[in-house]
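**Q** here is a sequence with its predicted model. Questions after.
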Amino acid sequence: MQRLIADLIEFSQISSPSEAFEMADLNKIVNQVMHTFLDVTENTPAVFHISKLPDARVIPFQFSHLLNNIIGNAIKYKRENTVPVITITSAITNFTNETDIQDGKYLKLSIGDNGIGFEP
């Protein structure tokens, strides 16, 4: 909770959204998020398969919040009598399109789990 408050204060002091982005070690952020689930995973064991992730230009507290929600949902919405398995991988990919996004190399993060999923 203290970290969340500090992040909100830091974010409120940024004058433009582009200033919030910084190079961050995604492995460190993932490990911090996983650490917040230690109490939960003692009662509901979970298996994590996480590949080595690169550094990336992100807004660290938003990325952390995103992972927190995804991992939390994977643990919460698991199949009955099944251990949640959460997988996080990354790849560098070329991107070209006709939209406003600049063509070039991008980091693709894939996050998956063996949970209940969504109705088609």
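**A** On my side now, so go ahead.

**Q** flag the shaky bits of the protein, pLDDT-wise.
**A** Applying pLDDT under 70 to the chain flags the ranges 1-19, 41, 96-103, 120.

**Q** longest helix of it?
**A** In the chain, with assignment by DSSP state H, the single longest helix is helix 60-76.

**Q** who touches the next helix or strand after that one?
**A** As assigned by DSSP states H and E, the chain's next helix or strand after helix 60-76 is strand 85-95. With Cβ atoms under 8 Å, 6 or more residues apart in numbering as the contact definition, strand 85-95 has outside contacts at 26, 30, 46-51, 53-54, 71, 74-75, 101, 103-114. Every residue, glycine included, has its C-beta placed from N, CA and C.

**Q** mind listing what's buried in strand 85-95?
**A** Judged by neighbour count (16 or more other Cβ atoms under 10 Å), strand 85-95 contains these buried residues: 86, 88, 90.

**Q** tell me what the helix or strand just after that strand is packed against?
**A** Once strand 85-95 ends, the next helix or strand along the chain (criterion: DSSP H and E) is strand 104-113. With contacts taken as 3 or more Cβ pairs under 8 Å, 6 or more residues apart in numbering; DSSP states H and E, strand 104-113 sits against helix 60-76, strand 85-95.

**Q** partners of the last one in the sheet?
**A** Spelled out, that is strand 85-95. strand 47-50 (parallel), strand 104-113 (antiparallel) (DSSP bridges).

**Q** could you dump it to PDB, C-alpha only?
**A** Provided in PDB are the C-alpha atoms of strand 85-95 (Å, rounded to 0.1, in the frame of the first residue of the first chain):
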ATOM      1  CA  VAL A  85      -0.200 -22.100 -14.200                       C
ATOM      2  CA  ILE A  86       0.800 -18.600 -15.300                       C
ATOM      3  CA  THR A  87       3.300 -18.100 -18.200                       C
ATOM      4  CA  ILE A  88       5.000 -14.900 -19.200                       C
ATOM      5  CA  THR A  89       7.300 -14.700 -22.300                       C
ATOM      6  CA  SER A  90       8.600 -12.000 -24.500                       C
ATOM      7  CA  ALA A  91       9.900 -11.600 -28.100                       C
ATOM      8  CA  ILE A  92      11.100  -8.700 -30.200                       C
ATOM      9  CA  THR A  93       8.900  -8.300 -33.300                       C
ATOM     10  CA  ASN A  94       8.800  -6.100 -36.300                       C
ATOM     11  CA  PHE A  95       5.700  -4.000 -36.700                       C
END
